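In: just a sequence and a predicted model for now, questions to come.
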Amino acid sequence: MISVIYSPEFLEHDTGYGHPEKAKRLSAIAKALKKVEWHEQIKWLLPTSIKKRDVLAYIEKIHTLEHINRIKRVADKGGGYLDGDTPISAKSYEVALLAVSGWLDGVDLVLNKQPAFVLARPPGHHATRDTAMGFCLFSNAAIAAEYALTKSGINRVGILDWDVHHGNGTEAIVQDNPNIAYCSLHQHPCYPGTGNTQNKQSKYNNILNLPMVAGSKIANYQLAFEQEIIPFFQEFRPDILIVSAGYDANLEDPLAEICLQPEDYSVLAQYVLQITKYPLFGLEGGYHLETLAKSVVATLSISLP
């Protein structure tokens, strides 16, 4: 059994005609999951109605007030562009708050030994403390990690980012926290141009970047997991693992040049289970609707407890 946190309200973040980060991404995934033979093993949950003030308290630990207020101000005026790639609509600020709420709910579920997938948007791993960029408004994974550290018995949080683009925002936010370890494997060179080193670039040795060349396939990812990622997290020993689950490393995806197939994500998810039995997956990128949906199905098809 795995819980999927989803709300139709996530579709109300309107990025405009032709934008790749569109509501149909979530619709395609939800439709595919409801058709699988094992659909009865999925527990669909709405994000809880955490008071907006409480959600903001956790966001404010990560983002500046100026950043938060700018997103709200632009949304209140009916929408606009936060940067050249990141449009928002009138509902986007409220939807982004709800997305954060869903990620926090996911933390609570995995702490109760229930694996979870947060099927939410907007994504978050490019958002820095004071800047929205790359389709991302709030740093969902970083906020969830900080939230997890407030829970009894949680001393270390791992974040694994398999989105094809480097999570520059997540890394910048968590790199000075010795209780959070961040690992990203991503195409390089590629947007946003960061993450070009394989070394643990922080004073706490809590960052591991694994740049992948264009054309990389599942065998290259398996090598990275076996030689780098698994040992990295085994040494760090996280109490909880958050996966920034982007699906734009697929061959058919229009925004990058890695050559994974949808079924390969079941292989990646099996590696995740070597780190923790109760992972928290949260949607990041993935812009080819058919392969995106198939990839999420493959992720959740593994033998979760």
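Out: Looks like it arrived, so ask away. It should be emphasised that the depicted structure is a prediction, and the values quoted were computed from it without experimental measurement.
In: helices of the stretch 201-305 of the chain, start to end?
Out: Counting by DSSP state H, counting those that start in this stretch, one finds helices in the stretch 201-305 of the chain at the ranges 218-224, 230-236, 264-275, 289-300.
In: could you identify which of those helices is most buried?
Out: Burial among those, expressed as mean neighbours by mean count of other Cβ atoms under 10 Å, is greatest for helix 289-300, which shows a mean of 22. Glycine gets a C-beta too; all of them are placed from N, C-alpha and C.
In: would you put the C-alpha positions of it in PDB?
Out: Output of helix 289-300 as PDB, limited to C-alpha atoms (Å, rounded to 0.1, in the frame of the first residue of the first chain):
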ATOM      1  CA  LEU A 289       2.800  13.200 -20.700                       C
ATOM      2  CA  GLU A 290       2.800   9.600 -21.700                       C
ATOM      3  CA  THR A 291       6.200   8.700 -20.400                       C
ATOM      4  CA  LEU A 292       5.700  10.800 -17.300                       C
ATOM      5  CA  ALA A 293       2.600   8.900 -16.400                       C
ATOM      6  CA  LYS A 294       4.300   5.500 -17.200                       C
ATOM      7  CA  SER A 295       7.300   6.500 -15.100                       C
ATOM      8  CA  VAL A 296       5.300   7.300 -12.000                       C
ATOM      9  CA  VAL A 297       3.400   4.000 -12.400                       C
ATOM     10  CA  ALA A 298       6.800   2.200 -12.600                       C
ATOM     11  CA  THR A 299       8.000   4.000  -9.500                       C
ATOM     12  CA  LEU A 300       5.000   2.900  -7.500                       C
END
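In: offset the numbering so it begins at 775, please.
Out: Got it, the first residue is 775 from now on, which makes the last one we talked about helix 1063-1074.
In: elements contacting it?
Out: helix 798-807, strand 890-892, helix 1038-1049 (3 or more Cβ pairs under 8 Å, 6 or more residues apart in numbering; DSSP states H and E).
In: minimum distance to I842: which of the ones you listed has it?
Out: If you check each of the helices and strands packed on helix 1063-1074 against I842 by Cβ to Cβ, strand 890-892 wins as the nearest, at 20.3 Å.
In: tabulate the helices and strands packed on helix 1063-1074 in CSV, adding columns for mean pLDDT.
Out: Converted to CSV, the helices and strands packed on helix 1063-1074 look like this (pLDDT from 0 to 100):
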stretch, mean pLDDT
helix 798-807, 98
strand 890-892, 98
helix 1038-1049, 97
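In: any chance of the ones you listed in CSV, plus distance to T1073?
Out: Conversion of the helices and strands packed on helix 1063-1074 to CSV gives the following (distance: least, Cβ to Cβ, whole Å):
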stretch, distance to T1073
helix 798-807, 10
strand 890-892, 7
helix 1038-1049, 5
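In: between these, which gets nearest to L1029?
Out: Each of these has some distance to L1029 by Cβ to Cβ; the shortest is helix 798-807, at 12.4 Å.
In: what's the closest one packed up against?
Out: Where contact means 3+ Cβ pairs under 8 Å, 6+ apart, helix 798-807 is packed against strand 1054-1057, helix 1063-1074.
In: recalculate using a threshold of 6 Å.
Out: For helix 798-807, the helices and strands in contact under the criterion 3 or more Cβ pairs under 6 Å, 6 or more residues apart in numbering; DSSP states H and E are helix 1063-1074.
In: export the helix or strand L830 falls within to PDB, keeping only CA atoms.
Out: In the assignment (DSSP states H and E), L830 maps to helix 826-834. Once non-C-alpha atoms are left out, helix 826-834 reads as follows in PDB (Å, rounded to 0.1, in the frame of the first residue of the first chain):
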ATOM      1  CA  LYS A 826      -2.200  28.700   6.200                       C
ATOM      2  CA  ARG A 827      -0.400  30.500   9.000                       C
ATOM      3  CA  ASP A 828       1.200  27.200  10.100                       C
ATOM      4  CA  VAL A 829       2.300  26.300   6.500                       C
ATOM      5  CA  LEU A 830       3.800  29.800   6.200                       C
ATOM      6  CA  ALA A 831       5.800  29.300   9.400                       C
ATOM      7  CA  TYR A 832       7.600  26.400   7.800                       C
ATOM      8  CA  ILE A 833       8.100  28.200   4.500                       C
ATOM      9  CA  GLU A 834       9.500  31.200   6.300                       C
END
